[in-house]
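Q: Using only what follows, build the 3D model:
(one chain, ligands or ions: 3)
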Amino acid sequence: MENLIRDIDIISPEEAQACDVKVTAEEATGKSKKLYIESYGCQMNFSDSEIVASIMKENGFDTTSDMEKADVIFLNTCSIREKAELTVRKRLVHFNALKKNKPELTIGVLGCMAERLKEKLLEEEQIVDVVVGPDAYRDLPNLVAVAEAGDKGVNTFLSREETYADIAPVRLNSNGVSAFISIMRGCDNMCSFCVVPFTRGRERSRDPHSIVAEARELFAKGYKEVTLLGQNVDSYKWSAEENNKARLNKMGVDAVVNFAQLLEMVAQVDPKLRVRFSTSHPKDITDEVLYTMKRYANICKYIHLPVQSGNSRVLDLMNRTYTREWYLERVEKIREILGEDCGISSDMIAGFCTETEEEHQDTLSLMDIVQYDFSYMFFYSERPGTLAAKKFKDDIPLEVKKRRLAEIIAKQNALSLLRNQRDVGQVQEILIEGVSKRSEEQLKGRNSANKVVIIDKGAHQIGDYVQVKITHCSTATLFGEVV
Ligand code: SAH
Ligand code: SF4
Ligand code: F3S
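A: Ligands and ions are numbered 1, 2, ... in the order given. Below is the predicted model:
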């Protein structure tokens, strides 16, 4: 499931698999109170929920997977499309009944919807007690205490510095094999359709030393894969000057660390620790990053490189700051440096403001050229306050958006199958991550290119690396035999 963005109006089968709403696991370390968290949206949100659980744990809460047992319920929310917000609103209605039976229950809305709507959420949703934005999670215990005393608590302060670098996340949904590490927060890109810069604030990078330390600790605990997370990881930049030069120099780290260097530092933790990252903005992915990927076998050969549209005029309106040609040049470089087997995936938006039929065709033709392994596909959903909402009319009728989206999905399904068929006959290393959903007798793992591979169980264990010959495939999955 390894792309940055998981939303609930997902489209393709592999996404449906990947983006179940995540709920906290049962934990019993003897704390007096219980916390239940449901997380929506992208991996950043899932990763943040692990920070939230950690902060709450310090303050007397164990997590639970049973909302009936909870003293506090948090919804970590997403605003990326209208549907994402509607889902949360519906969920809140469901909690009404719970709260009727248990009036002392505290209900909190966290994340992007909290940040976007602020106090308005308290007015609109009577059931909500606390509203807390993504940079204010250290204040949660205090705000919950305010709610327990019968008041409402709000903190939607956006920070320029907060990276939660010192907080050890409680690994909530982990299979014990792969974990997320947030390396940066926020986004400065201002794509015209996107709400994220408003809900997540300014871009800031986390201390590389704390990132490497987290990766080391995970590996020592038996984890085999880390995914470095950010809205735009390729613009990661940590400057000792801006932070604490003296300390860094002592560690022998360069004065400025860019993403390629960070990637290398994490890859060096151990050759048996796989490294993934997401998301890459096409304007920022450098040859240096690609060569670093090539140098380290444990950096997975997979890049999530969302294009959004295949037409340069639409890309300009979207404020993506690259053209079709620029994008295709980046893809060529990926193929040249990392070869044909490197996985490439994308996000697509159908029916952006003023998009013509020909421009939509450009998206389809670009997909044919790139041959994406998979994509996350959406129709345009206008978000209040964004540049596009202010400047352009949302003028493509819903039926047209949906038809264009269906064409994009059909194209992607055909391409996914084609790309998977290329794998048949190859011997690939996979990391086993869990039991197959379909059968207890089968295990699922992923290859370097991020594709799910199903094998017979045999004597293999979760967390093992195995060499597998791919025997057949479907659109979403590869099937193989251990060699
Ligand atoms: N930072 C990532 C994407 C973050 S949002 C990047 O720049 O690539 C995840 C995806 O949601 C986007 O890539 C886009 O395809 C989609 N998305 C964002 N805003 C949207 C909107 N208003 N309507 C439809 N899809 C949207
Ligand atoms: Fe949104 Fe663009 Fe930032 Fe991605 S890069 S989070 S699409 S503003
Ligand atoms: Fe992620 Fe949704 Fe926020 S995609 S950054 S949770 S708006």
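Q: can you tell me the average pLDDT over stretch 76-84?
A: If you average the pLDDT over stretch 76-84, you get 96.
Q: ugh, wrong one, I meant stretch 410-422
A: The average pLDDT within stretch 410-422 is 98.
Q: cool, stretch 130-145 as well?
A: Mean per-residue pLDDT for stretch 130-145: 97.
Q: If you count neighbours, what's buried in it?
A: For stretch 130-145, burial by neighbour count (16 or more other CB atoms under 10 Å) applies to 130-140, 143-144. In short, each C-beta sits where N, CA and C put it, glycine included.
Q: again, but for stretch 151-159
A: For stretch 151-159, the neighbour count (16+ other CB under 10 Å) marks 153, 154, 155, 156, 158, 159 as buried.
Q: how long is it end to end?
A: 25 Å (CA to CA, to the nearest Å).
Q: And stretch 64-84, by the same measure?
A: Stretch 64-84 end-to-end distance (CA to CA) = 24 Å.
Q: Likewise for stretch 446-466?
A: With CA to CA as the measure, stretch 446-466 spans 10 Å from end to end.
Q: how does this protein divide into domains?
A: 13-155, 178-422, 427-482 (automatic domain parsing).
Q: contacting residues for the residue of the stretch 151-300 of the chain found nearest ligand 3?
A: Of all residues in the stretch 151-300 of the chain, residue 196 sits closest to ligand 3, at 4.8 Å by CB to the nearest ligand atom. Neighbour list for residue 196: 80, 112, 187, 231 [criterion: CB atoms under 8 Å, 6 or more residues apart in numbering].
Q: and the chain, which of its residues are near ligand 1?
A: 4-5, 80-81, 193-194, 196, 231-232, 279, 281, 306, 308, 347, 349, 378, 380-381, 383 (CB under 6 Å from any ligand atom).
Q: Going through those, which ones are buried?
A: Neighbour-count burial (16+ other CB under 10 Å) applied to the residues of the chain next to ligand 1 gives 4-5, 80-81, 193-194, 196, 231-232, 279, 281, 306, 308, 347, 349, 378, 380-381, 383.
Q: List, out of these, those positioned next to ligand 2.
A: Within those, those near ligand 2 by CB under 6 Å from any ligand atom are 194, 196, 231, 232, 281.
Q: In contact with the residue nearest to the fourth one when sequence neighbours are not counted, which residues?
A: By that I understand residue 232. In space, and not counting its chain neighbours, residue 232 is closest to residue 281: 4.5 Å by CB to CB, 6 or more residues apart in numbering. Residues in contact with residue 281, defined by CB under 8 Å, 6+ apart, are 189, 232, 234, 235, 306.
Q: try 7 Å
A: Neighbouring residues of residue 281 by CB atoms under 7 Å, 6 or more residues apart in numbering: 189, 232, 234, 235.
Q: same thing with residue 425?
A: Residues near residue 425 by CB under 7 Å, 6+ apart: residue 470.
Q: Just read off the phi/psi values of it.
A: Backbone torsions of residue 425, given as degrees, to the nearest 10, read phi 100, psi -20.
Q: Distance check, it against ligand 2.
A: 37 Å (CB to the nearest ligand atom, to the nearest Å).
Q: Who are the packing partners of the longest helix seen in the chain?
A: Identified as the longest helix of the chain according to DSSP state H is helix 398-423. With contacts taken as 3 or more CB pairs under 7 Å, 6 or more residues apart in numbering; DSSP states H and E, helix 398-423 sits against strand 343-350, helix 357-370, strand 374-379, strand 465-473.
Q: And whatever helix or strand comes next after the shortest one, what does it pack against?
A: It stands for strand 374-379. Once strand 374-379 ends, the next helix or strand along the chain (criterion: DSSP states H and E) is helix 387-391. If you count contacts as 3+ CB pairs under 7 Å, 6+ apart, helix 387-391 packs onto no helix or strand.
Q: Can you tell me the closest non-neighbouring residue to whichever residue of the stretch 201-350 of the chain sits closest to ligand 2?
A: Per CB to the nearest ligand atom, residue 231 is where the stretch 201-350 of the chain lies closest to ligand 2, at 4.0 Å. In this structure, residue 231 finds its nearest non-sequential neighbour in residue 187, 4.1 Å apart by CB to CB, 6+ apart.
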